[in-house]
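Asks: dropping the sequence and predicted coords here.
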Amino acid sequence: MSNERDSQPISHVLWIDLDKIEANNYNPNSVAKTELKLLQTSILADGYTQPVVTFYDEERDMYTIVDGFHRFTCCKINKEINRRTGNKLPIVVIKKDINDRMASTVRHNRARGKHSVEGMSDMVFKMLENGMSDAEICSELGMEAEEIIRLKHLTGFSKLFANVEYRTAWESDKQLRLRKEYIDGNDKDKD
């Protein structure tokens, strides 16, 4: 069993200088600026949690990316990420021919899936209930305020406020309680 596990690429993560890594010339995946910025935020907050998948070309002494081009890009363009990693990227190496590498790229891209609207709506509602502000959620999830509003309405959140004047900055019970505690605490300081 340990030999099988040792043969897995993840068992052999390497930190390689960025100048020894290059993009492939066939990846059909692209990421919008907003998602790239969110990926940078993720790497800054959590670090690299997944290595970049590469193929090693012995003749050229270069690693070609199979999956992870955007994680590579973040390290290249974000000075703080680059500083933290020492201009290196965590990689694993697979040994496959070009057709298998192209198939692998597509599998990696498609296997990530997409977030369901209902799932995102439930998660945002729970984050609000746990005391996060709309602005904090927007920052942490790379969302616009309008997206938060739409997601709130999907959960039936607006039904809770059926007889209340509409505002874009709805607050959960926990948010209201925290604000009241803050105000009460400041009032005591004035006495």
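Replies: Yep, it's here.
Asks: residue 132 and residue 105, how far apart?
Replies: 35 Å (C-beta to C-beta, to the nearest Å). Using the backbone N, CA and C atoms, a C-beta is placed for each residue, glycine as well.
Asks: repeat that for residue 92.
Replies: Residue 92 sits 14 Å away from residue 105, taking C-beta to C-beta as the criterion.
Asks: which residue ranges make up each domain of the protein?
Replies: Residue ranges for each domain of the chain read 2-111, 117-190, as given by automatic domain parsing.
Asks: would you list every one of the strands in this structure?
Replies: 14-17, 21-22, 52-57, 62-67, 88-93 (DSSP state E).
Asks: the shortest one packs against which elements?
Replies: Secondary structure elements in contact with strand 21-22, counted by 3 or more C-beta pairs under 8 Å, 6 or more residues apart in numbering; DSSP states H and E, are strand 62-67.
Asks: what comes into contact with the strand it packs on?
Replies: 16, 20-24, 27, 52-57, 72, 91, 93-94, 96, 101, 104-105, 108-109 (C-beta atoms under 8 Å, 6 or more residues apart in numbering).
Asks: next: stretch 73-93.
Replies: 9-10, 12-19, 21, 36, 39-40, 43-44, 47-48, 51-56, 63, 68, 71-72.
Asks: ok, back up a step: nearest to residue 148, out of the strands of the chain?
Replies: Closest to residue 148 of the strands of the chain is strand 62-67 (C-beta to C-beta; 30.6 Å).
Asks: what are the buried residues along the closest one?
Replies: For strand 62-67, the buried set under the neighbour-count rule, 16 or more other C-beta atoms under 10 Å, comprises 63-67.
Asks: stretch 127-144 now?
Replies: Buried residues in stretch 127-144, counted by 16+ other C-beta under 10 Å: 127-128, 131-134, 137-138, 141-143.
Asks: stretch 86-98 now?
Replies: The neighbour-count check on stretch 86-98 (16+ other C-beta under 10 Å) flags 88-93 as buried.
Asks: render the CA-only coordinates of stretch 130-138 in PDB, please.
Replies: Output of stretch 130-138 as PDB, limited to C-alpha atoms (Å, rounded to 0.1, in the frame of the first residue of the first chain):
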ATOM      1  CA  ASN A 130     -22.400  34.400  12.100                       C
ATOM      2  CA  GLY A 131     -21.900  38.200  12.200                       C
ATOM      3  CA  MET A 132     -20.000  39.000   9.000                       C
ATOM      4  CA  SER A 133     -20.900  42.200   7.300                       C
ATOM      5  CA  ASP A 134     -21.900  42.400   3.700                       C
ATOM      6  CA  ALA A 135     -18.600  44.300   3.000                       C
ATOM      7  CA  GLU A 136     -16.600  41.500   4.700                       C
ATOM      8  CA  ILE A 137     -18.400  38.800   2.700                       C
ATOM      9  CA  CYS A 138     -17.800  40.800  -0.500                       C
END
